[in-house]
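Peer 1: Everything below, folded, please.
(chains A and B)
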Amino acid sequence: MSGGLGRVVRIGVGRRRVQTVVVTLTALLAVTASVLAVGLLVASSAPFRRAFDAQRGAHLIAEFDAASVSTATLAQTAKAVGVTASAGPFATVSLRPRTVSVKPDPGAPFQLEPGLDLPPMTIVGRADAGGDVDQLVLTAGRWATAPGEMVLAAGGVPFSVGDTFSFPGAPGNPTVTVVGIARSIGSSALAWVTPAQLTALTGPDTPLTYQMMYRFARADTDADITADRATIAAAVPAKALLGTSSYLTVKHEAERTAGTFAPFVVAFGVLGLVMSVLIIGIVVGGAVSSSTRRIGILKALGYTPAQVTRAYVAQALVPSAIGAAIGVVLGNLAAVPVLAEEGDAFTTGVPRLAPWVSVVVPLATLLVVAVTAAVPALRAGRLRTVDAIAVGRTPAVGRGRRARRILGRLPVARPVSLGLGNPFTRPTRSAMIAAAVALGALGVTFGTGLAASLSAIQAGLNLRNAGDVIVRQVLSVGPDGQVRVGPGQPKPVRAGTGPDPAVESAIAKQSGTRRYFTTTEVQVTVSGLSDETQAIGFDGDSSWGSYQVLNGRWFSGTGEAVVPTAFLAATGLRVGDPLTLTNDGHTVQLRIVGEVLDLSNDGRRVMTTAASLSGLAATPGPVDYHIQVQPGTTMASYVDSLNATLRPLNAEAEVNVGEISSIVVAMDTLTGTLTLLLVAVAGLGVLNTVVLDTRERVHDLGVFKALGMSPRQTVAMVLTSVGVTGLVAGLIGVPAGIAVHDWILPAMGRAAGTGVPAVDLDVYHLPVLVPLLFGGLVIAIAGALLPAGWAAGTRTARALRTE
Amino acid sequence: MTTPLIDLQGVSKRYGDGPAALDDLTLTVQPGEAVAVLGPSGSGKSTLLNLIAGLDRPTEGAVTVDGVRVDRLSEAGSALYRRERIGIVFQFFNLLDDLSVLDNVLLPAQLAGVPRNRARARAAELLSYLGIDRHARAYPGRLSGGERQRVAVARALMNRPSLLLADEPTGALDTASGAEVRELLSELNKDGQTVVLVTHDLALARSCATRTIELIDGRMADRMADR
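Peer 2: Predicted coordinates for the structure are as follows:
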């Protein structure tokens, strides 16, 4: 660009400070929102596959009997047909740990006391976290390098670095300290120690196995994995292969989780991108349009239309480039916590923002800026010079006169009626502002509803464990592997013989108890389902703790059952159909009376009365007692008092704090961030438009003030000029936001394998709806406040001199 | 001696580091006077008018109009002051092109909260008096310069101001229209309206003004003339 034109650009950027700042901020917010939206869209698509490939996850994890096969033979399986990479053999044991010291976790629903026996954990002896297959990602601490050190799997256990355990079942009851937490994409183990430590944990009677992990050339389908498994099994002695675990199971679960994100991330992403383009168009296009007179003057001085266009595009690109650069940084920073939440939800580890997003998004934004600057600049450049000067000097008159005349008759203060008529003089600009505010209102409405619905769904899911307090039997596993009620019973007691009358009596007699019911679980098979199904037997009045019903009703008597959506989908059954449960040759016939919200166990659950399951003659699992307390009961003292009675009965009460799904937390974080950005972008669009409008009408403002319009009246006029537009836009945006919500939520539910109960969809009650309906007005007023103040403070004499 | 309607004492106005637009000016105007302020371009005439109207503030000195210390008013206070006491007629009319003639004239009364019927009656009276009632529904763009200035005068008189200020009222008019406006201002002053007008038009000053003053470089010239 020539020196003269460069000077024109620099002066243009420097003199129009407000507009330059607004363009910079607009580009900044647009890029921040777009980097976050696009980055999340990319991260949400196939997160498992990307993490799996990055960590070289195992397609197949195989466990071998150490007594039946040598490590040399196992090493040779790495050369089996189809194997592209392998890791192992790693020695493996399964031992039950006992807590020695565990750091308190304020966020945990319960605290682990010392001396607590925990379920058995698979411990693998592994020298390092790397390798050709199953590269582990350390999320805290370091790898174990010495005896007495252990690394735990992330997400599986509520422990942290520094916690210590003992292994009473291992020689010498050794104590180990957690030195690190690691994530295995294939969940290959719950814990890792050094090979030497593993040897020390292995007693003469401890069953030892070897773990091998494989990657194959063909592993896309269950059939591929089955064939691969057969290849491995053929390479080892018969019965050496104890079991395998396919990555497809983990992949399926992760993709289902990711699938629930996709509809809502797409919705917000599209909103954010559309809003960004719209606001850039309004801000940059408006800025150049208001320079028509200046363009005419430049042409009168001899600049060609092409030179003028280049100057104005550059004038828009300079602050936009600065804003875009900052926006990339902010977008990446904003993505960190959100992606971290998403990674926890996906259990794939924290995904990175794809680097290309930080390049493509700002470039695309600058392209939009250039186009929206070039179009009005070219248009002005092509005008005859005298016309350009005249157009820029003389404000367009005639538009909206009839509307102003009609509005002038309204029985409202004159500044208000003047403001009401203003949008009609610039209908295109007003329409674009209305669109921006409507999109902002849509985003706020959708975000509010989404957060409320997710909270309601979370509460609904928590009904799996209903009650203010839950009493559970204290269990332990003896050396013979039998599950016992209570620690250290001398002889096996069959776990779960139904509700313990003594426990029930203690609960009933406890002051503060309002009502309770019990649940117990039996594993059954259902025709059409290959895996076992959990049958939950309810005893007592469970109507107050019923799950959220999507269709039909909760069961009310023997022979009736309710099931989750996924169960119906898997079995092809419907509400009203008969259902047969089988256990060890015994069957019971039930009738499905309701479809309920339940995502656990992939939907393989049936809820019915305990009496309905008695025909199975099955050994029920441990009993849970779900207690609802009287209003006003102090929870801590209730639980302490109840526990004093329960302890001799080998039962324990704890306050039920419910679960918070990491998916819900991630979505809430994302919703809040994107909604805030949408509102900020919309408000910025309003601010810029009002600044432009005020600047164009500064002479008229001077006349009003000369005639006696006070600063307060000036503010009222300016705010009214956008207020009604904002209100109307909000009244359009809110129903649109509700419609998007009602469309997206069921889509997310379908991805998660469930319907969404009507009560969780119907969240826009009056106390929520009324403020939302005024949301557009609020956005518009907020964006116009600053320029309204400037307009009120303009020196009248200076304004009158402006033409 | 009656209390002056306008009393300027030692008033100066400077913009930045340049020469003073007004320099230590002292001036009084009695009720019922028509004072013409003459002077070359840049002499401070319009600045004087702006200070009297409260559109600007002096750098030094006191400006008192109808008992009000105008130089001490806030923005809100000076707006109220103009509503109640001042009518302004500008060289280029400063009518609002998107409002009809009637709506332009009604504006000062509407801003002052005058009841609708009373304001309309006053507007009708003024439009009739000024001979432009047939243009009530027309838009300013369709009127001649003289007619537009009459609309501006009607607007300025809506709230019965104690002081009418006119900044080059005939500056943008042809000879015939200018003569109409001169006669109009003269009639208003004969009816008791106090007028201060800034003008290059000697004919206007001679026909309307009971007193002329001349500003040169922001100061009062020695030569002042009474009619």
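
Peer 1: from here on, contacts and neighbour counts on C-alpha atoms
Peer 2: Fine.

Peer 1: Against A:Thr587, how distant is A:Glu521?
Peer 2: Distance, A:Glu521 to A:Thr587, by CA to CA, to the nearest Å: 16 Å.

Peer 1: For these two, indicate the residue with more neighbours.
Peer 2: Neighbour count, other CA atoms under 10 Å in any protein chain shown: between A:Glu521 and A:Thr587, A:Glu521 has more, with 24 against 18.

Peer 1: Leaving out the residues flanking it, which one is nearest to the more buried one?
Peer 2: The shortest distance from A:Glu521 to any non-neighbouring residue, by CA to CA, 6 or more residues apart in numbering or on different chains, is to A:Ile536 (4.6 Å).

Peer 1: helix/strand/coil for that neighbour?
Peer 2: Classification of A:Ile536 by DSSP: H, G, I helix; E, B strand; the rest coil places it in strand.

Peer 1: Now do the contacts for it.
Peer 2: A:Ile536 makes contact with A:519-522, A:605-610 under the criterion CA atoms under 8 Å, 6 or more residues apart in numbering or on different chains.

Peer 1: in the stretch 451-600 of chain A, what residue is nearest chain B?
Peer 2: Nearest to chain B in the stretch 451-600 of chain A, going by CA to the nearest CA, is A:Ala451, at a distance of 45.5 Å.

Peer 1: Using the three-state scheme, assign that residue.
Peer 2: From three-state DSSP, the assignment for A:Ala451 is helix.

Peer 1: how long is stretch A:528-536 from one end to the other?
Peer 2: Stretch A:528-536 has an end-to-end distance of 19 Å (CA to CA).

Peer 1: and it, which residues are buried?
Peer 2: For stretch A:528-536, burial by neighbour count (16 or more other CA atoms under 10 Å in any protein chain shown) applies to A:532-536.

Peer 1: Just the element for the closest residue to the residue of the stretch 451-600 of chain A closest to chain B other than its chain neighbours, please.
Peer 2: Distances taken as CA to CA, 6+ apart put A:Asp668 closest to A:Ala451, at 6.0 Å, once the chain neighbours are dropped. Assigned by DSSP states H and E, A:Asp668 belongs to helix A:662-696.

Peer 1: how about the very next helix or strand once past that helix, does it reach chain B?
Peer 2: For helix A:662-696, the following helix or strand on the C-terminal side (DSSP H and E) is helix A:698-706. Yes - against chain B, helix A:698-706 shows contacts by CA under 8 Å from any CA of the partner chain at A:700, A:703, A:705-706.

Peer 1: In CSV, list those residues along with pLDDT.
Peer 2: Below are those laid out as CSV (pLDDT from 0 to 100):
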residue, pLDDT
A:Asp700, 90
A:Val703, 93
A:Lys705, 93
A:Ala706, 93
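
Peer 1: ok, now which ones touch the residue in chain B positioned nearest to chain A?
Peer 2: Residue of chain B nearest chain A, by CA to the nearest CA: B:Ala79 (4.2 Å). Listed by CA under 8 Å, 6+ apart, the contact set of B:Ala79 reads A:705-711.

Peer 1: For the nearest residue to it once chain neighbours are set aside, give me its contacts.
Peer 2: The shortest distance from B:Ala79 to any residue other than its chain neighbours is 4.2 Å, reached at A:Gly708 (CA to CA, 6+ apart). Neighbour list for A:Gly708: B:78-83, B:108, B:111-112 [criterion: CA under 8 Å, 6+ apart].

Peer 1: what's residue 212 sitting at in phi/psi?
Peer 2: Since no chain was named, I'll use chain A. Backbone torsions for A:Met212, taken as degrees, to the nearest 10, come to phi -120, psi 150.

Peer 1: To clarify, I was referring to chain B.
Peer 2: Dihedral pair for B:Thr212: phi -120, psi 140, per degrees, to the nearest 10.

Peer 1: Could you report the distance from it to A:Ser543?
Peer 2: Going from B:Thr212 to A:Ser543 by CA to CA gives 98 Å.

Peer 1: just A:Ala438 next, same as before
Peer 2: For A:Ala438 relative to A:Ser543 (CA to CA), the value is 43 Å.

Peer 1: what do you get for A:Arg218?
Peer 2: For A:Arg218, the distance to A:Ser543 - CA to CA - is 50 Å.

Peer 1: Check B:Ser78 too.
Peer 2: Computed with CA to CA, the distance linking B:Ser78 and A:Ser543 is 72 Å.

Peer 1: residues contacting A:Arg382?
Peer 2: Contacts of A:Arg382 (CA under 8 Å, 6+ apart): A:Pro305.

Peer 1: Tell me how many other residues crowd A:Gly467.
Peer 2: Applying other CA under 10 Å, we find 23 residues neighbouring A:Gly467.

Peer 1: Secondary structure of it: a strand, I assume?
Peer 2: No - according to three-state DSSP, A:Gly467 belongs to no strand; its state is coil.

Peer 1: Just to check, it is in contact with A:His626?
Peer 2: Yes - using CA atoms under 8 Å, A:Gly467 is in contact with A:His626, at 4.9 Å.

Peer 1: who touches both of these two?
Peer 2: Common contact partners of A:Gly467 and A:His626 (CA under 8 Å, 6+ apart): A:Tyr516.

Peer 1: how about the residues of chain A that lie near chain B?
Peer 2: Proximity of chain A to chain B (CA under 8 Å from any CA) is limited to residues A:397-399, A:401, A:404-405, A:413-415, A:700, A:703, A:705-712, A:793, A:795-797.

Peer 1: Any buried residues in the helix holding A:Asp668, and which?
Peer 2: Result for helix A:662-696 [16+ other CA under 10 Å]: buried residues A:662-671, A:673-696.

Peer 1: State the mean pLDDT of it.
Peer 2: For helix A:662-696, the mean pLDDT works out to 82.

Peer 1: Tell me which other helices or strands that helix touches.
Peer 2: Applying 3 or more CA pairs under 8 Å, 6 or more residues apart in numbering or on different chains; DSSP states H and E, one finds that helix A:662-696 contacts helix A:17-44, helix A:247-289, helix A:305-346, helix A:427-461, helix A:711-752, helix A:775-793.

Peer 1: Worst mean pLDDT among those?
Peer 2: Of all the helices and strands packed on helix A:662-696, the minimum mean pLDDT falls on helix A:247-289 (a mean of 76).

Peer 1: ok and that helix relative to helix A:427-461, angle-wise?
Peer 2: 160 degrees (axes from the mean of the first three to the mean of the last three CA atoms, to 10 degrees).

Peer 1: Counting by contacts, list what the helix or strand just after helix A:247-289 packs against.
Peer 2: Going down the chain from helix A:247-289, the next helix or strand is helix A:292-300, by DSSP H and E. Where contact means 3+ CA pairs under 8 Å, 6+ apart, helix A:292-300 is packed against helix A:305-346, helix A:355-382, helix A:385-393.

Peer 1: The second one: which residues count as buried?
Peer 2: Applying a neighbour-count criterion of 16+ other CA under 10 Å, the buried positions in helix A:355-382 are A:357-358, A:361-363, A:365-366, A:368-378, A:380-382.
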